[in-house]
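Undergrad: Whatever this is, show me its structure:
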Amino acid sequence: RIFFAENSTEQLPVASISKLMTLVLALEALAREEVALSDIITASPYAASKRGTRIWLEAGEEFDLETMLFAIAVGSANDACVAVAEFLAGSEEKFVAVMNQRAQELGLSATKYYNSSGLPEENGEENLMSAQDVGVLARHALTVPKLMEFVSTYEYTMRPETTGIPVLWNANRLLRRYYGVDGLKTGFTTKAGYCLAATAKRDQLRLLAVTLGNKDEADRETDARALLDYGFRKYQSVELYGKDAVVGALHCAAGEPMRGDVVLKDDFYVTVERGKEVDLKTVVEIEPGLRPPLSQGTVVGTITAFYGDEQIGAGAIVTGTAVKKAKLSVLIFRLGRLLAQAVF
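TA: Numbers count the residues shown, from 1 in each chain. So this is what the prediction gives:
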């Protein structure tokens, strides 16, 4: 849900916020077990040639994937970014094609990537996104295993066993300056200005703030603070039901038991404006035609929360106990009882 937006669909250069997609793709590959954090990446001459923020890779120098990802997430290292892109796809060009394909899959309609890092191309082209697209990507990034471990890190030392150079510092200063901020990514080029996608969590409420095209770091931080302040001031996360709370009943004519409780799979929180939680309503929907056997914890439907006509949250509901297939003798008994009720 978007709580505040201004020019949010305008396509703009986003500089190193582009690296968020590079991190997403690398860690999605890790989750699929296509790569391992211990895999060794060898820097190509092309990767080592990248300028701007970097870790001063030399052609032939080797680091494991985990170290390279910290270099990207913390130091916004362009050379490390290209090295990871080449490692994952064989070339940066092929990796950029994957970036754009993944953008389409995520519904990022205003996004166009030209490279993996966000550096300006020689012809002046720069990676483009809208603030809304950045928000959607950031929201997805929150679900990618291990990603927050990287983007929440404030300081990281390269080559600790030798030179200890460089020491990388996260440009997202809100990690140390704003209560609850725990990650994502900054960016800067002359054309893009100062950009930031930041996320913060207080209690059970997580917010995302995106600001693009700021004139300087202070302006970027001010805008991000204002967005987060607005969200935390106006909205709250409310627990409607706890995990395993009974919210309905499952009737299964061929099951044993024939009637069983339907419960919440997880704690059910929704985000709502402060003071309006009393006006919420919930609707429980159980899938029709369910047949035994159903093991305990099987997802059988959804619970949805509404404020007026607006859907503000949904969660899975599951079987509270296992439902087995009823024996033939039990089914015959039930049928006889139904017939008797129909006659009398």
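Undergrad: Now do the helices in the protein.
TA: In the chain, the segments counted as helices under DSSP state H are 19-31, 45-48, 65-75, 78-89, 92-105, 131-141, 147-151, 174-177, 217-234, 328-343.
Undergrad: Domain map for this protein?
TA: 12-236, 242-328 (automatic domain parsing).
Undergrad: would you turn those domains into a markdown table with mean pLDDT, distance to Phe4 and mean neighbour count?
TA: All C-beta atoms are positioned from the backbone trio N, CA, C, and that covers glycine. Shown next, in a markdown table, are the domains of the chain (pLDDT from 0 to 100; distance: least, CB to CB, whole Å; neighbours: other CB atoms under 10 Å):
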| stretch | mean pLDDT | distance to Phe4 | mean neighbour count |
| --- | --- | --- | --- |
| domain 12-236 | 98 | 6 | 19 |
| domain 242-328 | 92 | 12 | 15 |
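Undergrad: want to throw the helices of the chain into CSV with distance to Gly308?
TA: Listed next are those as CSV, based on distance: least, CB to CB, whole Å:
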stretch, distance to Gly308
helix 19-31, 34
helix 45-48, 53
helix 65-75, 40
helix 78-89, 45
helix 92-105, 32
helix 131-141, 24
helix 147-151, 33
helix 174-177, 34
helix 217-234, 17
helix 328-343, 42
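Undergrad: out of the ones you listed, nearest to Val270?
TA: Ranking these by proximity to Val270 (CB to CB) places helix 217-234 first, at 14.7 Å.
Undergrad: got the contact list for the closest one?
TA: Here helix 217-234 makes contact (CB atoms under 8 Å, 6 or more residues apart in numbering) with 3-4, 171, 173-174, 177-178, 180-181, 186, 194-196, 198, 200, 202, 205, 207, 209-211, 214, 273-274.
Undergrad: what does stretch 315-332 give?
TA: Here stretch 315-332 has contacts from 244, 246-248, 250, 252, 254-258, 260-266, 268, 284, 286, 292-303, 334, using CB under 8 Å, 6+ apart.
Undergrad: got it, and stretch 110-119?
TA: 9-11, 14-19, 21-22, 50-52, 78, 81-82, 84-85, 92, 95-96, 99-100, 103, 121, 125-130, 132-133, 137, 187, 189, 192.
Undergrad: One more pass at 6 Å, please.
TA: 11, 15-16, 18, 22, 52, 78, 81, 85, 92, 95-96, 99-100, 103, 121, 125, 127-130, 133, 187 (CB atoms under 6 Å, 6 or more residues apart in numbering).
Undergrad: Likewise for stretch 92-101?
TA: By CB under 6 Å, 6+ apart, stretch 92-101 touches Met21, Val82, Ala85, Leu88, Ala89, Tyr113, Ser116.
Undergrad: contacting residues for the fourth one?
TA: It stands for Leu88. Phe95.
Undergrad: do you know how far it is from Ile40?
TA: Applying CB to CB, to the nearest Å, the value for Leu88 to Ile40 is 14 Å.
Undergrad: and the gap between Lys281 and Lys112?
TA: Taking CB to CB, one finds Lys281 at 42 Å from Lys112.
Undergrad: Phe63 now?
TA: Distance from Phe63 to Lys112, by CB to CB: 30 Å.
Undergrad: Hmm, Asp157 is touching Val167, no?
TA: Let me fix one detail, which is that residue 157 is Thr and not Asp. Yes: with contacts counted by CB atoms under 6 Å, Thr157 reaches Val167, the gap being 5.1 Å.
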